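> the amino acid sequence is not available; the structure is as follows:
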């Protein structure tokens, strides 16, 4: 039996996605995204869960965004419940790129406070994109509960998420500037600074916030 060109392309893509060389996997993901094939969506999602190379993961996400959301979103929602942290993180990242709000119910408080920082950061970014307008205030409260968590990258990611929520984040940030934990107070004050001056460097904002906390001061909305 003669194999059709489509069958040949599908076979090559499947082989490429499992190749040991990142450059080959990258080209395979690009090919699938350039010529979307619904039959490969499951393999793309599965590959995302175990792909070690950042550039390849980004290309896999792009390839998934090129397919119909009605097909990709249910599979990605299943992935956010995976026991594998990378699977959860990449599925959340991809959902944020697709932007289909039907995925919002999958962004649970458990994901927003996931013990894995990368998963939590992906959940924060996805939540800001997918949250319905009438649930933004509740989301701001949940996100503010994570203030002070982790290192620089996690701090920056959470600050950006809270700033992206706009005015609904103002009261929770103000309340956090009086939190008993100095790390929470400093992070809240730094976020306030960045909200008012988006061009400010995060390092400067956080160091200035730490100085204010050490002197017993409060943030701008906490005064």
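Structure received. Small disclaimer: the values here were computed from a predicted structure and weren't measured. Numbering: from 1, shown residues only.
> any idea how far residue 185 is from residue 161?
19 Å (C-beta to C-beta, to the nearest Å). The C-beta positions use only the backbone N, C-alpha and C, and glycine is treated the same way.
> now find how far off-centre the helix or strand hosting residue 93 is within its chain.
If you go by DSSP states H and E, residue 93 is part of helix 85-98. The gap between where helix 85-98 is centred and where its chain is centred comes out at 7 Å by C-alpha atoms, centre = their mean, to the nearest Å.
> which strands or helices does it pack on?
Judged by 3 or more C-beta pairs under 8 Å, 6 or more residues apart in numbering; DSSP states H and E, helix 85-98 is in contact with helix 41-48, helix 54-65, helix 69-79, helix 117-130.
> what comes up buried for it?
Going by neighbour count (16 or more other C-beta atoms under 10 Å), the buried part of helix 85-98 is 85-96, 98.
> kindly report the same for stretch 164-181.
Under the neighbour-count criterion of 16+ other C-beta under 10 Å, stretch 164-181 has 164-165, 168-170, 172-174, 176-177, 179 buried.
> end-to-end on it?
Start-to-end span of stretch 164-181 (C-alpha to C-alpha, to the nearest Å) is 24 Å.
> any idea how far it is from the chain center?
How far stretch 164-181 lies from its chain's middle: 21 Å, per C-alpha atoms, centre = their mean.
> all further residue positions should be reported with the first residue as 679.
Renumbered: residue one is now 679, and that last one reads stretch 842-859.
> let me see the mean pLDDT of that stretch.
Across stretch 842-859, pLDDT averages out at 95.
> which residues of this structure score low on pLDDT?
For the chain, applying pLDDT under 70 flags the ranges 679-687, 877-901.
> which residue lies nearest the spatial centre of it?
By C-alpha atoms, centre = their mean, the mean C-alpha position of the chain lies nearest to residue 800, the distance being 2.1 Å.
> how far away is that residue from residue 741?
Going from residue 800 to residue 741 by C-beta to C-beta gives 18 Å.
> over to residue 731?
From residue 731 over to residue 741 (counting by C-beta to C-beta), the distance is 14 Å.
> those two: who's more crowded?
Per other C-beta atoms under 10 Å, whichever of residue 731 and residue 741 has more neighbours is residue 741, with 28 against 14.
> just to revisit the earlier point, next SSE after the helix holding residue 771?
Counting by DSSP H and E, the next helix or strand C-terminal to helix 763-776 is helix 787-790.
> buried stuff in that following helix?
Buried residues in helix 787-790 (16+ other C-beta under 10 Å): 789-790.
> which strands and helices sit next to that helix?
helix 795-808, helix 814-822.
> with distance to residue 785 added, can I get those helices in TSV?
Formatted as TSV, those follow (distance: least, C-beta to C-beta, whole Å):
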stretch	distance to residue 785
helix 795-808	5
helix 814-822	9
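> point out the most buried one among those helices.
helix 795-808 (a mean of 23; mean count of other C-beta atoms under 10 Å).
> secondary structure and distance to residue 823 added to the buried residues of stretch 842-859, as JSON lines?
Putting the buried residues of stretch 842-859 into JSON lines (DSSP: H, G, I helix; E, B strand; the rest coil; distance: C-beta to C-beta, whole Å) gives the following:
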{"residue": "842", "secondary structure": "helix", "distance to residue 823": "17"}
{"residue": "843", "secondary structure": "coil", "distance to residue 823": "14"}
{"residue": "846", "secondary structure": "helix", "distance to residue 823": "15"}
{"residue": "847", "secondary structure": "helix", "distance to residue 823": "13"}
{"residue": "848", "secondary structure": "helix", "distance to residue 823": "16"}
{"residue": "850", "secondary structure": "helix", "distance to residue 823": "9"}
{"residue": "851", "secondary structure": "helix", "distance to residue 823": "12"}
{"residue": "852", "secondary structure": "helix", "distance to residue 823": "15"}
{"residue": "854", "secondary structure": "helix", "distance to residue 823": "9"}
{"residue": "855", "secondary structure": "coil", "distance to residue 823": "15"}
{"residue": "857", "secondary structure": "coil", "distance to residue 823": "10"}
